[in-house]
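Asker: structure here, sequence nowhere to be found:
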């Protein structure tokens, strides 16, 4: 099994059409030879109810979440009396830049997709779920909500055949979490934005960009929403919404028409998003592991496990490993993800004779002290570093 990310991980892998979970960690930027995992098949699905070791989940007739109980924390995730994963459609006629802009008055006209839907239980290796089919005007939405044997994510795997115009589609989660701000991932870091509209500046930020995740937390508990390709959110008080489809008509009259395939995931967690591993789990969702059948036997020349480069500190993300543009050096680009100063300790899978700190264009800035297969580098808050190994 091959891990293309810069941290060791257990993860999901599809083998012979079946989704499985590894019990062994696969090294960062490397591989491990493992026996084919055997799924525990511990997820229970009965009617509109689902349960695994982490959650008890119940749906209403329209496929919305009636209840989501977090067993680890012993608490309900959703606000009492509210529905989660509610599809909301808004009339969308912005003042200008039709295919790009959202104007704040879009909230004045909203429809909730609350008609009864067709449901069926489905199983897929290490996960089980409920699949739903929904017709809306000229469009069709199919979604499967998955729970896993070991993974604490709740995946909403969605396919939309969309044929509407000037409508904004969102999914809403009213959370039983008290927070005056939400945290959004941006490239090489994250930012916090208010969940209220106390000032004109706050009011102007009714839609916020986020890359792979957004988090709403109180002291000791929070909920993250991960995604694999949707980057618009808004958090109103403790109602977290993700923007799924915007179908303007100018300059492209066919924008967002046709088939959409995407997944967003809920990840309730104790403590803060840093301690809960939200950043890494968002990477896991976006970059699944790969595999091929090992056939070495006694004449094998490769080790059973190997890591090209790794880092001991959990707040350091090794984002990229590549060949240098100007020579045969190995470029490692990393960033500090927690807003924390530290000393990053890198370990390499082979010995290099020299290491250099470079700028983003890979020009050498200074030489680093390389000790065998170990390299220590001081890193500041949200700092981006480029290292060349020769």
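Answerer: Thanks, I have it. Keep in mind the model is a prediction, meaning the values are calculated, not measured. Numbers count the residues shown, from 1 in each chain.

Asker: helices of this structure, residue ranges please.
Answerer: 200-204, 278-286 (DSSP state H).

Asker: which one of those lies closest to residue 180?
Answerer: Minimum separation from residue 180 across the helices of the chain (Cβ to Cβ) falls at helix 200-204, 10.4 Å. (Each C-beta comes from the backbone N, C-alpha and C, glycine too.)

Asker: any idea how far residue 355 is from residue 370?
Answerer: Between residue 355 and residue 370 the distance is 4 Å, computed by Cβ to Cβ, to the nearest Å.

Asker: would you turn the helices of the chain into TSV with mean pLDDT and mean neighbour count?
Answerer: What follows is the helices of the chain, written out as TSV (pLDDT from 0 to 100; neighbours: other Cβ atoms under 10 Å):
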stretch	mean pLDDT	mean neighbour count
helix 200-204	90	10
helix 278-286	97	22
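
Asker: residue 10: what's it in contact with?
Answerer: Residue 10 sits next to 21, 22, 23, 24, 25, 26, 150 when contact means Cβ atoms under 8 Å, 6 or more residues apart in numbering.

Asker: gap between residue 366 and residue 326?
Answerer: 17 Å.

Asker: the more surrounded of the two?
Answerer: residue 326 (11 against 7; other Cβ atoms under 10 Å).

Asker: next one: the closest residue to the more buried one other than its chain neighbours relative to residue 330, how far apart?
Answerer: Sequence neighbours aside, residue 362 is the residue nearest to residue 326 in space, at 6.6 Å (criterion: Cβ to Cβ, 6 or more residues apart in numbering). For residue 362, the distance to residue 330 (Cβ to Cβ) stands at 11 Å.

Asker: who touches both of those two?
Answerer: 324, 388.

Asker: centre of the chain versus stretch 34-51, how much separation?
Answerer: 21 Å (Cα atoms, centre = their mean, to the nearest Å).

Asker: and it, what's its mean pLDDT?
Answerer: Summarised as a single mean, pLDDT over stretch 34-51 is 95.

Asker: over to stretch 311-318?
Answerer: For stretch 311-318, the mean pLDDT works out to 96.

Asker: check stretch 152-166 too.
Answerer: 98.

Asker: first-to-last residue distance for that stretch?
Answerer: One end of stretch 152-166 sits 36 Å from the other (Cα to Cα, to the nearest Å).

Asker: measure the closest residue in space to residue 382 that isn't next to it in sequence to residue 202 for me?
Answerer: Spatial nearest neighbour of residue 382, excluding adjacent residues (Cβ to Cβ, 6+ apart): residue 189 at 4.4 Å. Residue 189 is 21 Å from residue 202, where distance means Cβ to Cβ.

Asker: mind pulling up the pLDDT for residue 294?
Answerer: So, for residue 294, pLDDT stands at 82.

Asker: pick out the residue closest to the middle of this structure.
Answerer: In the chain, the centroid-proximal residue (Cα atoms, centre = their mean) is residue 282; its distance is 2.8 Å.

Asker: that one reaches residue 212, doesn't it?
Answerer: Yes - with contact defined as Cβ atoms under 8 Å, residue 282 counts as touching residue 212 (3.8 Å).
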